[in-house]
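[1] Output the structure for:
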Amino acid sequence: MINCIIVDDEPLARQLIASYINELPELHLAGSYESAADAFTTLHNQLIDVMFLDIEMPGINGINFVKSLKRHPKIIFISAHTTFAVDAFEIDATDYLVKPVTFDRFLKAVDKIIKPTGIKPIEEFPKETASIFLKVDRRLVKVDFSVVLYIEGMGDYLKVHLMEKTYVTYLTMAKIESLLPPSKFARIHRSTIINIDRIQYIEGNVVVVNGVALTIGLTYRETFLKRIN
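    Have a look, this model is predicted:
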């Protein structure tokens, strides 16, 4: 998981980048701030891997803020102008995005960070198990993977839909994804994981599992279709 923060004095710009981050399972948004001063404490108290940083902000600008830090995460600058690009790359910025930032351009910037992290391909995962224990109310319930239809994310909670019942458990999508056998389950949306064996058919951007139509997110479509083929 790659921890990210956003520092930008424009609320709409922060919301846009946050929505992009939430589309990628490898990224986790650890904070969103309107000034460098607000982000300072987080940078010193948490392990942050990437900072999406505006340049022209009240108080200290983004470039000077980076220069003031003894240690800093990877920096992806975001600016309404190209004027500061040379200065940005002189302090080893990973990328420089010009507003308004498109999702395609965002992905290209993030790809420079994700590739070197050594995320394991499917064949490198440990030997797969056949079940998982989920905390439901006060009990640990054993759930066989074979009876799971799909999983819905609801913030810090999950709905695990089985063939005959549904469990609600306190768990994040990122955590459950790391516990599931990757040959059997696929993430099709930032809030949906499906059991590949339970797919009935796919039509357009919809996959039907046990009669339930589930939307395939744009970010996940290409990877998902490669997996099932």
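[2] domain assignment for this protein?
    Domain assignment of the chain by automatic domain parsing yields the ranges 2-117, 132-228.
[3] Need those domains in a markdown table (columns: mean neighbour count and mean pLDDT).
    C-beta: built from backbone N, CA, C; applies to glycine. Formatted as a markdown table, the domains of the chain follow (neighbours: other Cβ atoms under 10 Å; pLDDT from 0 to 100):
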| stretch | mean neighbour count | mean pLDDT |
| --- | --- | --- |
| domain 2-117 | 17 | 90 |
| domain 132-228 | 15 | 91 |
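[4] Mind checking what secondary structure A174 has?
    Per DSSP: H, G, I helix; E, B strand; the rest coil, the secondary structure class of A174 is helix.
[5] That one and P25 touch, don't they?
    Yes - proximity of A174 to P25 meets the contact threshold set by Cβ atoms under 8 Å, at 6.3 Å.
[6] what's P25 in contact with, if anything?
    If you count contacts by Cβ atoms under 8 Å, 6 or more residues apart in numbering, P25 has them with M173, A174, E177, R187, R190.
[7] Report all helices and strands that the strand or helix carrying the third one contacts.
    So the one you mean is E177. Secondary structure from DSSP states H and E places E177 in helix 173-179. Contacts defined by 3 or more Cβ pairs under 8 Å, 6 or more residues apart in numbering; DSSP states H and E place helix 173-179 against strand 148-154, strand 185-189, strand 192-195.
[8] Which one, of those strands, ends up nearest to G204?
    strand 185-189 (12.7 Å; Cβ to Cβ).
[9] Could you spell out the sheet neighbours of the closest one, each with its direction?
    The strands that strand 185-189 pairs with in its sheet are strand 192-195 (antiparallel) (by DSSP bridges).
[10] Which residues does the partner strand contact?
    By Cβ under 8 Å, 6+ apart, strand 192-195 touches 145, 148-153, 173, 176-177, 180, 184-188, 207, 209, 214-215, 217.
[11] could you redo the last one with a cut-off of 6 Å?
    Strand 192-195 has contacts (Cβ atoms under 6 Å, 6 or more residues apart in numbering) with V148, L149, Y150, I151, F185, A186, R187, I188, V209, L214.
[12] and which of the residues you listed is nearest T166?
    After measuring these against T166 - Cβ to Cβ - the closest member comes out as L149, at 9.2 Å.
[13] Distance check, the closest one against A130.
    16 Å (Cβ to Cβ, to the nearest Å).
[14] Next: R71.
    44 Å.
[15] Quick one: residues contacting the spatially closest residue to D38 that is not a sequence neighbour.
    In space, and not counting its chain neighbours, D38 is closest to V7: 7.6 Å by Cβ to Cβ, 6 or more residues apart in numbering. V7 is in contact with Y33, A39, L53, counting by Cβ under 6 Å, 6+ apart.
[16] again, but for I176
    Counting by Cβ under 6 Å, 6+ apart, I176 has contacts L158.
[17] Between the two ends of stretch 45-65, what distance do you get?
    With Cα to Cα, to the nearest Å as the measure, the first residue of stretch 45-65 is 17 Å from its last.
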